[in-house]
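Asks: one predicted model, sequence on top.
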Amino acid sequence: DTAVSQTPKYLVTQMGNDKSIKCEQNLGHDTMYWYKQDSKKFLKIMFSYNNKELIINETVPNRFSPKSPDKAHLNLHINSLELGDSAVYFCASSQVPGYEQYFGPGTRLTVT
Amino acid sequence: QKEVEQNSGPLSVPEGAIASLNCTYSDRGSQSFFWYRQYSGKSPELIMSIYSNGDKEDGRFTAQLNKASQYVSLLIRDSQPSDSATYLCAVTSNSGYALNFGKGTSLLVTP
């Protein structure tokens, strides 16, 4: 069984569209994260949820809205997509905040 | 945002040699330190964590931490071509809630 899974793996869409990425973990962890890895491979934290509560929101445009329906799921909805949103988005989870994090396979988003 | 600095490389070592990867961080309050390996087109994979000063060994990997110098390193003994990847240093943020990543060091192990 995959520990942290994400869907879809690839997402190609046009500017202005709205899209969602889903993440699920079966590790029993309390904390989940969204990271963005840009074309220069720099991995940057976007959001973190602990027990379904938002604990980190790093200067991310409010076009990005995370939602955690339960501890095992963290989704990311993006409105009005822009070219600069093209990147790989990784979901991760950890037992407690800041502890060892395990990453999903990533979603490669391409905005044309 | 506090910084985590790594030499981008590429670091090239022959097969069987020791690869030494270094990382410095600026936030003195950081408590936890991690090394991730990322193959091209794949997700980061946790290979080592270290929380106190000194060395921690796991198989061919040794992590070293010096909080006074704000320095973390990873040694890979008996390097194999399969170790060729980008190695990311990660440090807990001031809040302790997230990880700040360095930009990674590309390692190439040549047969």
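Replies: Happy to help now that I have it. Numbers count the residues shown, from 1 in each chain, chains lettered A, B, ... in the order given.
Asks: how distant is stretch B:40-50 from the center of its chain?
Replies: 9 Å (C-alpha atoms, centre = their mean, to the nearest Å).
Asks: oh, I was asking about stretch B:57-69
Replies: 9 Å.
Asks: which other residues reach that stretch?
Replies: Stretch B:57-69 has contacts (C-beta atoms under 8 Å, 6 or more residues apart in numbering or on different chains) with B:24, B:28, B:33, B:35, B:47-56, B:71-78. Placement of C-beta: from N, CA and C, glycine included.
Asks: what residues does chain B have near chain A?
Replies: B:1, B:31-32, B:34, B:36, B:38, B:42-46, B:49, B:86, B:88, B:90, B:92-93, B:95-101, B:103-104 (C-beta under 8 Å from any C-beta of the partner chain).
Asks: now do 10 Å
Replies: B:1, B:8, B:30-32, B:34, B:36, B:38, B:40-46, B:48-49, B:51, B:86, B:88, B:90-93, B:95-104, B:106 (C-beta under 10 Å from any C-beta of the partner chain).
Asks: now, of those, which are buried?
Replies: Those of the residues of chain B next to chain A that meet the buried threshold are B:30, B:32, B:34, B:36, B:38, B:43-44, B:46, B:48-49, B:86, B:88, B:90-93, B:97-104, B:106, by 16 or more other C-beta atoms under 10 Å in any protein chain shown.
Asks: show me the contacts for residue 53.
Replies: I went with chain A, as the question did not name one. Residue A:53 sits next to A:30-31, A:68 when contact means C-beta atoms under 10 Å, 6 or more residues apart in numbering or on different chains.
Asks: oops, wrong one, chain B.
Replies: Counting by C-beta under 10 Å, 6+ apart, residue B:53 has contacts B:64-69.
Asks: what's the closest of those to residue A:87?
Replies: residue B:65 (30.7 Å; C-beta to C-beta).
Asks: quick one, grab the pLDDT at that closest one.
Replies: For residue B:65, the pLDDT comes out at 97.
Asks: that one - nearest residue in space that isn't next to it in sequence?
Replies: residue B:50 (4.8 Å; C-beta to C-beta, 6 or more residues apart in numbering or on different chains).
Asks: the helix or strand of chain A with the lowest mean pLDDT pairs with which strands, and in what direction?
Replies: Ranked by mean pLDDT, DSSP states H and E, the weakest helix or strand in chain A is strand A:53-57, scoring a mean of 86. If you go by DSSP bridges, strand A:53-57 pairs up with strand A:43-50 (antiparallel).
Asks: pLDDT on the strand it pairs with, on average?
Replies: For strand A:43-50, the per-residue pLDDT averages 92.
Asks: check stretch A:69-83 too.
Replies: 96.
Asks: export it as PDB, just CAs?
Replies: Output of stretch A:69-83 as PDB, limited to C-alpha atoms (Å, rounded to 0.1, in the frame of the first residue of the first chain):
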ATOM      1  CA  PRO A  69     -11.800  16.900   5.600                       C
ATOM      2  CA  ASP A  70     -10.100  14.500   8.000                       C
ATOM      3  CA  LYS A  71      -6.600  13.700   9.300                       C
ATOM      4  CA  ALA A  72      -5.900  11.300   6.400                       C
ATOM      5  CA  HIS A  73      -6.800  13.700   3.600                       C
ATOM      6  CA  LEU A  74      -5.500  17.100   2.500                       C
ATOM      7  CA  ASN A  75      -6.700  18.600  -0.700                       C
ATOM      8  CA  LEU A  76      -5.500  21.700  -2.600                       C
ATOM      9  CA  HIS A  77      -7.800  23.800  -4.800                       C
ATOM     10  CA  ILE A  78      -6.400  26.400  -7.100                       C
ATOM     11  CA  ASN A  79      -8.500  29.100  -8.600                       C
ATOM     12  CA  SER A  80      -7.700  31.200 -11.700                       C
ATOM     13  CA  LEU A  81      -4.500  29.300 -12.600                       C
ATOM     14  CA  GLU A  82      -1.600  31.400 -13.800                       C
ATOM     15  CA  LEU A  83       1.500  30.400 -15.800                       C
END
